[in-house]
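**Student:** Got a predicted structure here, sequence first:
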Amino acid sequence: MTQGDAATVTDLTGRMLIAMPGMGDPRFEHAVVFMCDHSSEGAMGLVVNKPSADLDMPTLLSQLQIDPAADLSRVRIHFGGPVEMGRGFVLHSADYRAASTTLSVREDVQMTATLDVLEDIAAGRGPERWLLMLGYAGWGAGQLEEELAQNAWLVCEGVPRLIFDLPDPAKWEAALESLGVAALALSAEGGRA
């Protein structure tokens, strides 16, 4: 996909947005957003590289009255975006499915936003690979297309390695590298040739 006018934007579901320098919104500085849904009505995505400093997994499970069978103290909860920050979303591998509540975003990446996935993770029968996010990034009709036209985002494939396998601080540069772009070569100023 090429950056350019909004008319050329296609369905970005299952792809990733990479925030450009100089975006202007500090919540999305160096953000990598996995797109869970994109249509003419709007878009919804989850930031996959911004761990929350405010809440840890044991505290969250305690608040939800879930007793973990495994030690989840090292698991980081992520800031998924500024919309509905009290709502949780789990991006996970395709080895787990919670009946009709799991959304297959890509063949290899699923999303579940119900309590049962957290209960299964705490009991040790959840997905092999997963990230828990609170909140999401949302765009109204045409809003994301306008941001793309203004060069606020680059787009790359939403591969599981970028979501689950890399440390959070490395995801932004790795996403850029997947496009052959060096972070140091980026400018905060957009332009057209």
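**Tutor:** Arrived safely, thanks for sending. Residues are numbered from 1 along each chain as shown.
**Student:** How many residues are close by Glu84?
**Tutor:** 13 (other Cβ atoms under 10 Å). Using the backbone N, CA and C atoms, a C-beta is placed for each residue, glycine as well.
**Student:** Sheet-wise, list the partners of the helix or strand hosting it with their directions.
**Tutor:** Assigned by DSSP states H and E, Glu84 belongs to strand 83-92. Note on strand 83-92: by DSSP bridges, its sheet partners are strand 109-112 (antiparallel), strand 130-140 (antiparallel).
**Student:** now His78: how far from Leu148?
**Tutor:** 23 Å (Cβ to Cβ, to the nearest Å).
**Student:** where are the low-confidence patches of this structure?
**Tutor:** 1-9, 100, 185-193 (pLDDT under 70).
**Student:** quick one: the strands in it?
**Tutor:** Taking DSSP state E, the strands of the chain run over residues 15-19, 32-39, 42-47, 51-56, 76-79, 83-92, 102-106, 109-112, 130-140, 153-157.
**Student:** Determine which stretch of the strands paired with strand 83-92 is the most buried.
**Tutor:** strand 109-112 (a mean of 23; mean count of other Cβ atoms under 10 Å).
**Student:** circling back to that earlier point, could you give the angle of the strand holding Glu84 to strand 42-47?
**Tutor:** Orientation check (axes from the mean of the first three to the mean of the last three Cα atoms, to 10 degrees): strand 83-92 against strand 42-47 gives 70 degrees.
**Student:** Run a quick check on Met111 versus Ser93, I expect a contact.
**Tutor:** No - counting by Cβ atoms under 8 Å, Met111 sits too far from Ser93 to count as a contact (11.2 Å).
**Student:** which other helices and strands contact the biggest helix by length in the chain?
**Tutor:** Using DSSP state H, we find that the single longest helix of the chain is helix 168-177. Contacts defined by 3 or more Cβ pairs under 8 Å, 6 or more residues apart in numbering; DSSP states H and E place helix 168-177 against strand 15-19, strand 32-39, strand 153-157.
**Student:** For it, which outside residues touch it?
**Tutor:** Residues from elsewhere that reach helix 168-177 (Cβ atoms under 8 Å, 6 or more residues apart in numbering): 16, 18-19, 30-32, 48-51, 76, 78, 154, 156, 162, 166, 182-183, 186.
**Student:** Cool, thanks, signing off.
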